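Student: just coords:
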């Protein structure tokens, strides 16, 4: 089963690295739990896609058999398609939820820094993909060390945030570990929302 996990899910190395950096056993437990949920979602989604591909053939076979045998069981079709649609849907939900929670758990013991948005790079989506943005951020730490990170965001254009503050979490103090980052909000956004 371990070989299947490695083939299906490429975040294992990253998760193992974060577990090694976690400072408490509780955090490691949370990372492991959400990683398992994410893997379960991946397996369910892949199995569900197979069911969706096979469902039309099963429907046709059952329709022929039922008409020849004179069986009137339309509920079988509802069950068949309910399972074929439900399994990948549940798998997708588990995968998305597990991924978000695993990521949050990986940075639970990390540092929180407030820096500034130095640059925003627009990454146009193609087809059904939405436009995403790469924010180049930096934060000056005590001692003159400047952290540089890349934060990826979707949704409304953050171009107006250039030069403004940003809060992020990170597990290391390596100044050039660009991907050791979890977006934690824009300072001041919470107070504006409360006043409105």
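Tutor: Looks like it arrived, so ask away. None of these values were measured; they are calculated from a predicted model.
Student: mean confidence for the longest helix anywhere in the chain?
Tutor: Scanning the chain for the longest helix, with DSSP state H as the assignment, gives helix 25-69. For helix 25-69, the mean per-residue pLDDT is 90.
Student: check what pLDDT the residue positioned nearest the centre of the chain gets.
Tutor: With the centre of the chain defined as its mean C-alpha position, the nearest residue by Cα atoms, centre = their mean is residue 99, 4.1 Å away. Model confidence at residue 99, given as pLDDT, is 87.
Student: pull the number of nearby residues for residue 35.
Tutor: 25 (other Cβ atoms under 10 Å). (Glycine included, C-beta is placed from N, CA and C.)
Student: residue 110 and residue 173 touch, don't they?
Tutor: No: under the criterion of Cβ atoms under 8 Å, residue 110 makes no contact with residue 173, lying 10.2 Å away.
Student: next secondary structure after the lengthiest strand in the chain?
Tutor: Looking across the chain with DSSP state E, the single longest strand is strand 111-123. As assigned by DSSP states H and E, the chain's next helix or strand after strand 111-123 is strand 132-140.
Student: quick revisit: more neighbours: residue 110 and residue 173, which one.
Tutor: Taking neighbours as other Cβ under 10 Å, residue 110 and residue 173 compare with residue 110 leading, 21 against 13.
Student: list the contacts for that one?
Tutor: Listed by Cβ atoms under 8 Å, 6 or more residues apart in numbering, the contact set of residue 110 reads 169-171, 182.
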